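> Following is a predicted model, sequence given first.
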Amino acid sequence: MVALCQEIADELRAIHTDRDFEVTHDGDPTCSCDAARLGQVLSNLMGNATQYGDREQPITVRIVGNDPDTVTIAVHNMGSPIPTDTQKLVFHSWMRGQDVSDESEHSTHLGLGLYIAKLIVEAHGGEISVASNEQTGTTFSLRLPRS
């Protein structure tokens, strides 16, 4: 799991040379999963953090494997929070978490990435959630069963 997260962080770092990524782990980070599909989820979450997060702050990926039954992966960034009402809908299809009504680079996105991420995580028997506020930033968390 650590190698997968680090690989995706390295790929994004190569594209976004001004961004800092930190990947850490605690405990046993192993779980049985489809690495390609989980990589798709992590790439989406880290890509969103790159796109919407504060460019002056690092994007952190923390893998925690202290529970005997699950592994948790948290992708965190500082920046403008996702509004509370939107957090409840962000995993729905065609939903986008930020107001992008202008003609910015964000306006080309369909709003399917987090919906697909949720489907992949749930297909693994896991859960995905988001917490976002002004003080602590935005964290997307995956909880995956070990087997």
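Right, received. Where do you want to start?

> can you list the residues that contact stretch 8-24?
2, 5-6, 39, 42-43, 46-47, 50, 55, 57-63 (CB atoms under 8 Å, 6 or more residues apart in numbering). C-beta here means a position set from N, CA and C on the backbone, and glycine is covered the same way.

> Which ones among these lie within strands?
59, 60, 61, 62, 63 (DSSP state E).

> burial measure for the nearest residue to the first one once chain neighbours are set aside, as a count.
The reference is to residue 59. Spatial nearest neighbour of residue 59, excluding adjacent residues (CB to CB, 6 or more residues apart in numbering): residue 49 at 4.4 Å. Neighbourhood size, residue 49 [other CB atoms under 10 Å]: 27.

> thinking residue 49 is in contact with residue 138, fair?
Yes: if you go by CB atoms under 8 Å, residue 49 and residue 138 touch, sitting 7.3 Å apart.

> okay, and the common contacts of these two?
76, 77.

> filter the contacts of stretch 8-24 to the buried ones?
Using 16 or more other CB atoms under 10 Å as the burial test, these include 5, 39, 42, 43, 46, 47, 50, 59, 60, 61, 62, 63 as buried.

> Now tabulate these in JSON lines and tack on pLDDT.
Shown next, in JSON lines, are those (pLDDT from 0 to 100):
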{"residue": "5", "pLDDT": "98"}
{"residue": "39", "pLDDT": "97"}
{"residue": "42", "pLDDT": "98"}
{"residue": "43", "pLDDT": "97"}
{"residue": "46", "pLDDT": "98"}
{"residue": "47", "pLDDT": "96"}
{"residue": "50", "pLDDT": "96"}
{"residue": "59", "pLDDT": "98"}
{"residue": "60", "pLDDT": "98"}
{"residue": "61", "pLDDT": "98"}
{"residue": "62", "pLDDT": "98"}
{"residue": "63", "pLDDT": "98"}
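
> Thank you, goodbye.
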